[in-house]
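S.K.: below are the sequence and a predicted model for it; my questions follow.
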Protein chains: 2
Amino acid sequence: MSHDMRERSLWAWGAKGKLPDAGARTGLAGMVKALLPSATPVVRDLPRDEPDVPASTVAIPAELAEFATQAPRERALKTRGRAWPDLLAGFHGDFADAPALVARPRDAHEVERVLAACDAAGWACVPFGGGTSVVGGVDAGLARGDRPAAVALDLGALAGVHEVDATSRLARIGGGTLGPALEDALGAHGLTLRHYPQSFEFSSLGGWLATRAGGHYATGPTRIDELCHSLTIIAPRGVLETHRHPGSGAGPEASRLILGSEGALGVITEAWMRVVPRPRWRASASVAFKDFEQGVAAARALAQSGLMPSNARLLDANEAKLHRVRFDGASVLLIGFESADHPLGAWLARAVELARDHGGEVVSGPSESDSETRKATHGGEAGTWRQAFFDAPYLQSALLSIGVLSDTFETACTWTQFPTFHAQVVAAVQRALDEHCGGGIVSCRFTHVYPDGPAPYYTFVGPLASERSAALAQWRAIKTAASEALHVAGGTITHHHAVGRTHRPWYDRERPPLFADALRAVKRELDPCASMNPGVLIDR
Amino acid sequence: MSHDMRERSLWAWGAKGKLPDAGARTGLAGMVKALLPSATPVVRDLPRDEPDVPASTVAIPAELAEFATQAPRERALKTRGRAWPDLLAGFHGDFADAPALVARPRDAHEVERVLAACDAAGWACVPFGGGTSVVGGVDAGLARGDRPAAVALDLGALAGVHEVDATSRLARIGGGTLGPALEDALGAHGLTLRHYPQSFEFSSLGGWLATRAGGHYATGPTRIDELCHSLTIIAPRGVLETHRHPGSGAGPEASRLILGSEGALGVITEAWMRVVPRPRWRASASVAFKDFEQGVAAARALAQSGLMPSNARLLDANEAKLHRVRFDGASVLLIGFESADHPLGAWLARAVELARDHGGEVVSGPSESDSETRKATHGGEAGTWRQAFFDAPYLQSALLSIGVLSDTFETACTWTQFPTFHAQVVAAVQRALDEHCGGGIVSCRFTHVYPDGPAPYYTFVGPLASERSAALAQWRAIKTAASEALHVAGGTITHHHAVGRTHRPWYDRERPPLFADALRAVKRELDPCASMNPGVLIDR
């Protein structure tokens, strides 16, 4: 992709050039009408590409001058993440909360200088990787609060694959490295991280680690935590570099306190990551189930089989429809295996047998391929789904621009909890959509399945008020109804979207109070002035 | 096994009745002479079974009276763990450091009363599960230090499988539950934890969690951390119960701060654990390698293959000899798969192919079985090795009683580090044995193999001085040489034996200083009087 194609939109998801154009948005409006009769989508003008950013109230400190800027566009781009309220604010051209300055340190010493400057001036510091947070994790305005200023610490210059140890399958990678650059550099060694969050193209390794991103694999060790061999975080108090080992029982694992710290303890500047050779063999099948319950039972059997498929994604009927996989009211289970070491016939055969045992009908595959015949397996339901997966965030921005609300939330619970949990959550969100949007659709898929439970991922779509504050109130009502329902039903407030500021109220209720005290004590130790990403995870 | 057969020895490993008798020890002396020409083993009298315990200097507080005791035998049994210096002290009948009292709370409230009493009186509190620590983790004398008294908090009454959720494959289990009782109770549901540390028969779930015990599976998610769904710890400040979920990205994972806390933050009273059905299918093979290096390369290929064998244990020539598996100087790789879901022919075939590709010769198997034909696979090299594995701790006590030093240490490093690492560690230990014992043997096996590196486990054997302090000095010299060598070569000070007090000096050097500060801050928060297991992991 050319540089231009990757230039970020000021307000929408991802690359400026990839947002659906007026024609495509008109087509989208027609599709929405068919799907949501109560909606009246209107193709609105997009915001202009020149941000209206207020003048900085503070000057760039001399010691940061070499690598900091107050250019309006840079400040606008670092104002916030890409949560739905962020899209809304950006769509309305609101950059009142832009950070006072953007610092782009080129090495660890310059990172330390930024942190020291913030501590000295009482400024908030917001580590900014790819800026794709969907939970208010990188919000300059909220971070600033009543401080004189907020600084965006742009990790973009701390990027690249610095070192590769092919024997131990490890790579030392800069925290600011974005997904495509990371995979390109590893690819030159025949290696890959196998980590593809939906934000892949625009999110960074440091961000994945700081938010405990969910993994590519649908089962087994898949979270970024498990791919992390060791990491380095720079806190205001100094540098913390964890010991390098494949496994240790020496006290609580240091890296596990940093993973998920969301910038509130410091800046993750680099990590040794576990990498693997590019898969050579693939095997896949799609199985349809008349009833969602059958699909759930099959997904559970697969998760508990020990087969560890790389893909085991269950889509309910609405999800299959929204993702253009299937339109007949059936649920679909996408099963896939991949390996750089061996053909996968035996694995897939047993997985398909399990799915059939639970009432599934194979609708695509079983098919196997090796690298030479790859294209064949990228088609079918799995291929359609994959493309829709990466397009979805663009679609969300485009929907907003035609007056349609769409957002997602996700969680995890036990298999035993799931049936009641699911019924309560769907009912609560549907009720909120009916009440606040005059109707709407809720869909569900499993992004990950574990032996002890699934990670359900919900999408909701509804008509949107045209006025900004009314629109925000709609989103807030539905998000609150969803969060409240899933918390009360026993789910975690997030499986892989992180906490940020959006999920704080429910996180605070989910988190054991003594652990909150422990985290606060740790923050006092590493970040004594409480400058780091204030309001995220913990207050001071 | 009858109750009597499980009655613990006052000084030696495990059950009193299972220590080799005088005849067996005489036979052992002969074997040692053949193996270690420089040794002059002498079958010494065993210590008497009546402990000489000093009178308690403090009285039992009234609020603990119902469930505490100062009986000499109970106090003697709770004096220390089963590290080599512990065996030596016990062999010499030294119980001068017995705890002032042993409290055996029957519920959470009684645990809280013990912690409150210790805080009020300024006593040290040592959570005591199975008492099998090999690193000085449960040492009443060292915990007491300059305090008026140490209390052993016996978890034995907080035992049992309280609840089973077969759908989500979870069980809520008391922290004081020992391995056999845990497996018996789960077995009634057709379930198992699949966690068999060498201490299995006498160690507890709470101890496994507190020390991050190494797992049964040689590859993949195997550490007790990965089997833990949620846990409850009672700290002096209160109860911390982690949220129940199969996976969450909501901030740093609370349980990961407790796992490995070794009693220094509180007492792990119960946990929801991930359990599995008993395996039905098994497949195994043993492969011999002329050169250890070939075996290492094969083990690496297996660890990186994605096949995730449950067994992938490489024994070097000395290890094969000591464990009576093979006597021709070859290394042996034991490969095993198990599943409750599917036959494993394809898995084992590829594993054996990988081993052959690296110069291995199959010496047993490949063989497959299901439950009906189980006995067949328990024979052969793997069966011999398994029996020797569980007998080894008894052997260590028996060797001490005939004047032979034997102990083990373990670590983990990357595959890239391993060749140099291994050479340096073996050389350092051999040098120390030559210097301090006039010779000896060092052997190595891999207990676990990960994609990024192995967990090498070393055993050393040498002649022992007859005088107590000289013997202790020998052990200390060799242990120090080993720890120093593995730390300097880049390994972790422990893969699964924990830190305790033995490993503290090297743990302190391995641990990032800022993480040490963070841990201290957490301890101040949860254990403000620093009563919990003082000196383990952190000072106050």
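M.R.: Looks like it came in fine. Since the structure is predicted, the reported quantities are computational estimates derived from the model, not experimental observations.

S.K.: do the helix or strand containing A:S443 and chain B come into contact?
M.R.: According to DSSP states H and E, A:S443 maps onto strand A:441-450. Yes: with Cβ under 8 Å from any Cβ of the partner chain as the threshold, strand A:441-450 lies in contact with chain B, specifically through A:448, A:450. Quick note: C-beta positions are derived from backbone N, CA and C, even for glycine.

S.K.: average model confidence for that strand?
M.R.: For strand A:441-450, the per-residue pLDDT values average out at 97.

S.K.: now it, how far from the chain's geometric center?
M.R.: 15 Å (Cα atoms, centre = their mean, to the nearest Å).

S.K.: the helix or strand following it near chain B anywhere?
M.R.: On the C-terminal side of strand A:441-450, the closest following helix or strand by DSSP H and E is strand A:453-463. Yes: applying Cβ under 8 Å from any Cβ, one finds strand A:453-463 touching chain B at A:453-455.

S.K.: and strand A:453-463, what does it pack onto?
M.R.: If contacts are counted by 3 or more Cβ pairs under 8 Å, 6 or more residues apart in numbering or on different chains; DSSP states H and E, strand A:453-463 sits against helix A:292-303, helix A:317-322, strand A:404-410, helix A:418-437, strand A:441-450, helix A:468-488.

S.K.: save the ones you listed as JSON lines, and put in distance to A:G179 and mean neighbour count too.
M.R.: Below are the helices and strands packed on strand A:453-463 laid out as JSON lines (distance: least, Cβ to Cβ, whole Å; neighbours: other Cβ atoms under 10 Å in any protein chain shown):
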{"stretch": "helix A:292-303", "distance to A:G179": "26", "mean neighbour count": "23"}
{"stretch": "helix A:317-322", "distance to A:G179": "24", "mean neighbour count": "22"}
{"stretch": "strand A:404-410", "distance to A:G179": "19", "mean neighbour count": "23"}
{"stretch": "helix A:418-437", "distance to A:G179": "30", "mean neighbour count": "19"}
{"stretch": "strand A:441-450", "distance to A:G179": "17", "mean neighbour count": "24"}
{"stretch": "helix A:468-488", "distance to A:G179": "27", "mean neighbour count": "18"}
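
S.K.: and those: which comes nearest B:L209?
M.R.: Judged by Cβ to Cβ, the one of these that comes nearest to B:L209 is strand A:441-450, at 19.1 Å.

S.K.: which strands and helices sit next to the closest one?
M.R.: In terms of contact count using 3+ Cβ pairs under 8 Å, 6+ apart, strand A:441-450 is assigned the packing partners helix A:292-303, strand A:311-315, helix A:317-322, helix A:418-437, strand A:453-463.

S.K.: avg pLDDT for the third one?
M.R.: The predicted model gives helix A:317-322 an average pLDDT of 89.

S.K.: for the residue in chain A sticking out farthest from the centre, phi and psi?
M.R.: Each residue of chain A has a distance to the centre, and by Cα atoms, centre = their mean the biggest one is for A:A62: 35.8 Å. Phi and psi for A:A62, reported as degrees, to the nearest 10, are phi -50, psi -40.

S.K.: how about the contacts made by it?
M.R.: If you count contacts by Cβ atoms under 8 Å, 6 or more residues apart in numbering or on different chains, A:A62 has none.

S.K.: re earlier: mind telling me which of the helices and strands packed on strand A:441-450 the model trusts least?
M.R.: In terms of mean pLDDT, the lowest-scoring of these is helix A:317-322 (a mean of 89).

S.K.: determine the set of other helices and strands touching that one.
M.R.: If contacts are counted by 3+ Cβ pairs under 8 Å, 6+ apart, helix A:317-322 sits against strand A:331-339, strand A:441-450, strand A:453-463.
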